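1. give me a model of this one.
(one chain, ligands or ions: 1)
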Amino acid sequence: MSDLRELYQEMILDHGRNPRNFRFPAGANHEADGHNPLCGDRLTVKLVLDDGVVKDVGFQGAGCAISTAAASTMTEAVMGKSPEEIEAIFHDYHQLVTGKGGDSDALGKLAVFGGVAEFPMRVKCATLSWHTLRAALQGKGVISTEEDDTSE
Ligand code: ZN
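-> So this is what the prediction gives:
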């Protein structure tokens, strides 16, 4: 368990300092802004949806290390995936970070965010980028975690 905790901290620090896909993709056709008022995290996700899959995705914004690391790993996890596949990943991820289980084998690298379940205040930091991505795919434009249904 302490190994996982170390891995968790290392990965959050690494992705928090050097976020992947921290840029907007050329030709983006879906985007949304996300805001987590509890922590002050703000980010914009833009993506290229083509042939039914996410061909490219990136984000920009400012937030705590967890929100940045979560957005960074999110972009890696959804690249090349269809919206349906993304919903399935998000479902497991949401279960994981809220301490309800979730299929951590299916989550791969994202499984390190299981550590967030110990810090309920951080759950919205870890899910902001995912909610924003889903809002972009659904054409919603702007979301605030204060409006999201965390009971799902
Ligand atoms: Zn945060």
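2. in stretch 23-36, what's buried?
-> Buried residues in stretch 23-36, counted by 16 or more other Cβ atoms under 10 Å: 24, 25, 28, 30, 31, 32, 33, 34, 35, 36. (Glycine included, C-beta is placed from N, CA and C.)
3. for the closest residue to the fifth one other than its chain neighbours, name its beta-bridge partners.
-> Read it as residue 31. The shortest distance from residue 31 to any non-neighbouring residue, by Cβ to Cβ, 6 or more residues apart in numbering, is to residue 46 (4.2 Å). On the basis of DSSP bridges, residue 46 is bridged to residue 31, residue 58.
4. what residue ranges in this structure score low on pLDDT?
-> Filtered on pLDDT under 70, the chain yields the residue ranges 1-4, 147-152.
5. tell me where it has strands.
-> 30-36, 41-50, 53-62, 142-144 (DSSP state E).
6. re earlier: tell me which of the buried residues of stretch 23-36 is nearest to residue 11?
-> Of all the buried residues of stretch 23-36, residue 36 has the smallest distance to residue 11: 20.1 Å, by Cβ to Cβ.
7. what's across from that closest one in the sheet?
-> Residue 36 has the following beta-bridge partners by DSSP bridges: residue 41.
8. can I assume it is in contact with residue 66?
-> No: assessed by Cβ atoms under 8 Å, residue 36 is found out of contact with residue 66, at 10.2 Å.
9. which residues do those two both contact?
-> residue 125 (Cβ atoms under 8 Å, 6 or more residues apart in numbering).
10. ok, and the closest non-adjacent residue to residue 146?
-> Among residues not flanking residue 146 along the chain, residue 37 sits closest, at 5.7 Å (Cβ to Cβ, 6+ apart).
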